[in-house]
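In: Build me a model:
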Amino acid sequence: MSQDAYHKVHLAPATRPTGCPVDHDFTPFDPEYLNNPYPQLERFQAEQPAFYSEQLGYLVLTRHEDVIEVFKNSDVFSSENVQDPVFPVCEAAQKILSAKDYNPQAVMSNRQQPDHTRIRKYTQDGFNARRMRMLEPYIRQGCEKLIDDMLAGGGPVEFVSALAHPLPGQIIFRFIGFPEADDAQLIDWTSNRLRFTWGKPSDEEQVDIAKNMLKYWRYCRAFVASRMENPADDLTSELLAAHMENPNDLSYREVESVIYGLSFAGHEIVSNFIALSLLNILPNRDQWSALCKDQGLITNALEEVLRADSPQTSWRRIATRDTQIAGIDIPAGTQVLVSIGAANHAPEIFDKPSEVDIYRKNVNKHISFGHGIHFCLGARLARLEGRIAMEALTRRIPSLRLVANQQLEFAPNITFRGPVELYVEWSGV
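Out: Okay, here's the model as predicted:
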């Protein structure tokens, strides 16, 4: 597999820093951490803000200033590892992904300069205001239909499968241009990529996921080829037009790879964002009632959810050269886990950071969409989907509440956070 592969499954052993605290027990797979990572992160931030996790094999950074420094210095702390599996991939899964036609390449989150900016300028054009305006009625229509289905079935309802998961899937697939008839198959192929890259799947699970990744890549390639013959008003067609106009600046395989990568970024993370919004706001009935009475508060409330309980709690980097951070000497090749969740709970920036306050004045200082050249490309779309969903829910189901005493489960992985299921109920609708 080439060095510019989208997912590198053959990785050199990582180096490790010396002269810093070593934690032999910390792992993001700990059930207590998965259920609520913030007490541990806040404790680390206060007592041990930088440490080497023996179980994970990463230097973990929790202070806001250190996280920002890593994000800002992309030449020293490369993002080339963010799409690579955290743990070794079994031989059977490696064999599947060694198929000659499986060759997606790093294009956005894991592509380095100067290529990152070169590719990003074309992709960013697709997230312009015109396309957001085009998508907004479709998002509203889809949201209303899903709420109709929720209400028709009566409560309680499992909210993730009823709305939080299908809505962003529908939107990102229409944004790319995939036909609606393929939605169910596409969701099946892409749903477990989170576990493959950021989780700890068994060998059997790796093989199953690898087969789906290969199927999805082949689907993306066939779809891009079809859009070459029959362009439409979608992102794929726009990227292909840019390729044909500037073939030496944006390659055909880069177009294929952008389409391959966008489906996950625009689906799973937004699903978690919508579900976490209800999980964090519904228990505080005063705040929920305030949103129902004044939808102008929703934008700030959603930013507070992003800060207080981000759907992305961490991100990864790798040191490209010997360097230093937080007073620690870091040799080239050191894997770094930057804790976005901890940075968003920095007490020197956010008063009472563990509390969800929809009126928080400085909430826009959160870094849940990253910082620097790799700032999330889809932030505008994610915010739009979250706002539309919350507007519809507060308007149509003001009595919405969480089902009491439910046991929540969160997908075991190092980076993305969201409930696997979330049961809600209502009255008087």
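
In: List the contacts of residue 425.
Out: Neighbouring residues of residue 425 by CB atoms under 8 Å, 6 or more residues apart in numbering: 155, 156, 157, 400, 401, 402, 403. C-beta: built from backbone N, CA, C; applies to glycine.

In: correct me, but the third one touches residue 421?
Out: So the one you mean is residue 157. No. If you go by CB atoms under 8 Å, residue 157 and residue 421 don't touch, sitting 10.5 Å apart.

In: These two: which has the busier surroundings?
Out: residue 157 (21 against 13; other CB atoms under 10 Å).

In: where do the strands sit along the stretch 151-300 of the chain?
Out: Here the stretch 151-300 of the chain has its strands, by DSSP state E, counting those that start in this stretch, at 157-158.

In: who touches the lowest-mean-pLDDT helix or strand in the chain?
Out: Sorting the helices and strands of the chain by mean pLDDT, DSSP states H and E puts helix 115-125 at the bottom, at a mean of 83. Contact with helix 115-125 is made by 107-108, 111, 235, 238-239, 242, 249-250, 254, 258, 373-374, 377, as judged by CB under 8 Å, 6+ apart.

In: Return the set of buried residues in it.
Out: 116, 119, 120, 122, 123 (16 or more other CB atoms under 10 Å).

In: now, among the contacts of residue 425, which is nearest to residue 318?
Out: Closest approach between the contacts of residue 425 and residue 318, by CB to CB: residue 402, at 39.6 Å.

In: my read: that closest one touches residue 280, true?
Out: No. Applying CB under 8 Å, one finds residue 402 not in contact with residue 280, separated by 10.4 Å.

In: element containing residue 59, please.
Out: strand 58-61 (DSSP states H and E).

In: and that strand, what's its mean pLDDT?
Out: Averaged across strand 58-61, pLDDT comes to 96.

In: same thing with stretch 97-107?
Out: 89.

In: Go ahead and flag the most central residue of this protein.
Out: residue 269 (3.8 Å; CA atoms, centre = their mean).

In: contacting residues for that residue?
Out: Residue 269 makes contact with 311, 312, 382, 416, according to CB under 8 Å, 6+ apart.

In: Please list the members of these that lie in helices.
Out: Cross-referencing the contacts of residue 269 against helices under DSSP state H gives residue 382.

In: Mind giving me the packing neighbours of the helix ranked longest in the chain?
Out: When the chain is parsed with DSSP H, its longest helix is helix 203-229. Here helix 203-229 touches helix 91-97, helix 183-190, helix 193-198, helix 235-245, helix 252-265, going by 3 or more CB pairs under 8 Å, 6 or more residues apart in numbering; DSSP states H and E.

In: need the strands for the stretch 1-150 of the chain, in chain order.
Out: Counting by DSSP E, counting those that start in this stretch, the strands of the stretch 1-150 of the chain are 22-23, 50-53, 58-61, 77-78.

In: Direction included, what does the second one pair up with?
Out: When sheet partners are counted by DSSP bridges, strand 50-53 sits next to strand 22-23 (parallel), strand 58-61 (antiparallel).

In: Show me how far that strand is from its chain's centre.
Out: A distance of 23 Å separates the C-alpha centroid of strand 50-53 from that of its chain, computed with CA atoms, centre = their mean, to the nearest Å.

In: out of the contacts of residue 269, which one sits closest to residue 297?
Out: Nearest to residue 297 among the contacts of residue 269, with distances taken as CB to CB, is residue 382, at 18.7 Å.

In: what's the burial count for residue 231?
Out: Residues lying near residue 231 (other CB under 10 Å) number 15.

In: What's the local residue count around the closest residue to it other than its chain neighbours?
Out: Leaving out its chain neighbours, the residue that sits closest to residue 231 by CB to CB, 6 or more residues apart in numbering is residue 237, at 4.0 Å. Counted with other CB under 10 Å, the neighbours of residue 237 add up to 18.

In: mind listing what residue 237 touches?
Out: 177, 227, 231.

In: Now tabulate the helices and strands packed on helix 203-229 in TSV and tack on distance to residue 353.
Out: Converted to TSV, those look like this (distance: least, CB to CB, whole Å):
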stretch	distance to residue 353
helix 91-97	40
helix 183-190	33
helix 193-198	24
helix 235-245	37
helix 252-265	26
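
In: what's the closest of these to residue 387?
Out: Closest of the helices and strands packed on helix 203-229 to residue 387 is helix 252-265, at 18.7 Å (criterion: CB to CB).
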